[in-house]
Every structure is written in structure tokens, then in C-alpha cells.
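J.: Predicted model and sequence below, questions to follow.
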Amino acid sequence: MYIIENANILKDRKLTTCSLLISEERITKIQTSFNHYRVMKMNVEPFIMTPSFVLFNSKIPYKESFQELKNYLIDQFLKKGGTTLFTYVDVSYENELTEKFKKIKTALVGCPVDFIIGIRIPIRLITPSLMRICKKEKIPAIFVELEDPGQLENVPWGWIREAIFPFNSPLIPIISSYQKKEARAVLSKWKGIMVKEKIPAIYEEIEENQPLPATVLNKVGLFPQKASLMQGTELSYNLYLKGREINNVDEVNLFHYHGDRLVVTVHKGKIVRTGAKVLFKPGYGEHVKVRTPSYFSL
């Protein structure tokens, strides 16, 4: 048991100073101070603390050599303060889902960061039977390619809603490249149908390689399990050197523009990056099992 003192935690562009009581790599209590505790104390007053990031990346080279995968994860995750990877596997036919899902899970077993895996499907695969397989496999996110949004009208949404329930994996839109000009109209149609049919969904595309906001994390069932510093959560955080030029910024700005100030990343209580040095721990990451997407209302 130990205490992290004078933590300047960044949330919603505001810094809150508090102390965290840590036990068994989890935050057991947060309050202004713990003056009466006789345990080891760590003062982090010179830093800004954020939760470590969950980053969405669909280009993970999991079919390449372990060395390539290792270098990619160091550069794209650990050096940037990311300790959880969110990706998907492409599924073109219903009968290949289970096998492909198993393959990517196995390929990521030596991963140093935690990972969560969704699937990517064409509209024609939005069927009750596929939704039932997703529910059985506990797949937390279903990315849908909106190549022909007109097809959305033909989906039996009432049956889909029943088949997804109660696990409620959200459907997430992907706009094909040739439709980018009509993206607004396509997403507006998508949202209209999702809201009208009461389907669990995200209404915008998820941006690659940037910290996922709490609303998306909640929809896929990762909040507050990941990317949060709350009582009861795992101890995963980043420390940035404080400075006048990084006042009034949010986590996304810190991630994009102040990576040079990131000095420490801790993942589940263990330091995985200090200064420019990354401590690569193969197999330390684990497949995050989502109990229920959209469990917390934000």
C-alpha cells in the first residue's frame, strides 16, 4: 500500500489536485490528503496526471512477425501513453467470424498493452443470426461499412434489436473513401435510423490513433474500467511535465502536441515507459472482456 500525493489530475480542461491511496495496483481511495497514513508516499506535484489512453487502430500488423508487431506497438502506443488497443477484424461471411476472432486474439497474446477487439462487416451481414454470434462471443463493437446506405432500409431492425439484447454491442459506422464527400448526409441517415429503431450505436466514425472519449468508451463497455482515474479502477496513468504552455488543454491536445513532455506511463501499476525508455513487457497486456456495453450512463 502507498500514496500518490499532490496529483494534478486533468479532466475536462481542469486540474484537480488530490491524493490517491493505492493497494494491489488499484486506486482504493481518492481524497485531498492522507496525513494520518504511515505508508510510503510518492509526490507527483511537478506533473500533470492523466489516465493512460485507449487508442483505436485498425492497422495493427498482427499477421507480421512478432518483431514488427513489437516495434509498431512501442511507436504507436507505449511511446504515446496508450496502454489499451481497440481494433477490429474484417468479417465478410458469417461462418468465418468465430475463427477470425480467435486468430486475432491468439496473435495478440504476447501484446504488452491490453486489447479489445470488434468486427467490421458489410451492411448485408447485419442479420439476427450474426448478432446472436456476436452476443455469444461477447464482441463489444460491430463496425458497419456504409458503402450503400440505401441498404439500411432493408434491415429487419426489430429482429436485430432483439438479437443483440441484452449484451447490446453498439454498431459503429465506417464511411467508405468514395463517399467521404457525402459523409454528413450518410451519417445523418445512419443516426436517424439508429435512434428511430432504438439500436445501440455510435453516430460518428471513430477517429484512428487518438484517445477515445468517455462517451465512446462507455458505449463499448470500457468505461470506467479503462482511461479513468476513479476509486476502484486500475492504476494506469501518464505523467506530463507541467509548463505554462500546457495550461487549459485537454487530454487530446496533450496527446497530439505535448508528447515531448510525457515522462512516465504506468500500466496496471507497473512502469512501462520512463523518459525515452520503453520497458517492453511481452504478454503483460490482456484481452479485455467487456461485461456489458453502455453500462454507465454518462
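T.: Good, I have the coordinates.

J.: Distance of the residue of the chain positioned farthest from its centre relative to Ile3?
T.: No residue in the chain sits farther from the centre than His36, which is 36.6 Å out by Cα atoms, centre = their mean. According to Cβ to Cβ, to the nearest Å, His36 stands 11 Å off from Ile3. Glycine gets a C-beta too; all of them are placed from N, C-alpha and C.

J.: How about Lys189?
T.: Lys189 sits 52 Å away from Ile3, going by Cβ to Cβ.

J.: What is the longest helix of this structure by residue count?
T.: Counting residues, the longest helix found in the chain (DSSP state H) is helix 183-196.

J.: helices or strands next to that one in the packing?
T.: The contact analysis (3 or more Cβ pairs under 8 Å, 6 or more residues apart in numbering; DSSP states H and E) places helix 183-196 against strand 171-174.

J.: Check the offset of the strand it packs on from the chain's centre.
T.: Computed by Cα atoms, centre = their mean, to the nearest Å, the chain-centroid distance of strand 171-174 equals 15 Å.

J.: Give me the buried positions along that strand.
T.: If you call a residue buried by 16 or more other Cβ atoms under 10 Å, then strand 171-174 has these buried ones: 171-174.

J.: Quick check: next helix or strand after the longest helix of the chain?
T.: Of the helices and strands lying after helix 183-196 in sequence (DSSP states H and E), the nearest is helix 214-219.

J.: export the next helix or strand after that next one as PDB, just CAs?
T.: Following helix 214-219 in sequence order, the next helix or strand is strand 237-241 (DSSP H and E). C-alpha atoms of strand 237-241 as PDB (Å, rounded to 0.1, in the frame of the first residue of the first chain):
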ATOM      1  CA  TYR A 237      -1.700   6.800 -15.900                       C
ATOM      2  CA  ASN A 238       0.600   9.200 -17.700                       C
ATOM      3  CA  LEU A 239       2.700  12.000 -16.100                       C
ATOM      4  CA  TYR A 240       3.500  15.100 -18.200                       C
ATOM      5  CA  LEU A 241       5.900  17.800 -17.100                       C
END
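
J.: Return the set of buried residues in strand 237-241.
T.: Neighbour-count burial for strand 237-241 flags 237-240 (criterion: 16+ other Cβ under 10 Å).

J.: Rebuild the residues you listed as CSV, extending it with pLDDT.
T.: Below are those laid out as CSV (pLDDT from 0 to 100):
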residue, pLDDT
Tyr237, 97
Asn238, 97
Leu239, 97
Tyr240, 96
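
J.: Now compare those residues and name the two farthest from each other.
T.: Within the buried residues of strand 237-241, two members stand farthest from each other by Cβ to Cβ: Tyr237 and Tyr240, at 10.3 Å.

J.: Next, work out how far apart Leu239 and Thr265 are.
T.: Distance from Leu239 to Thr265, by Cβ to Cβ: 8 Å.
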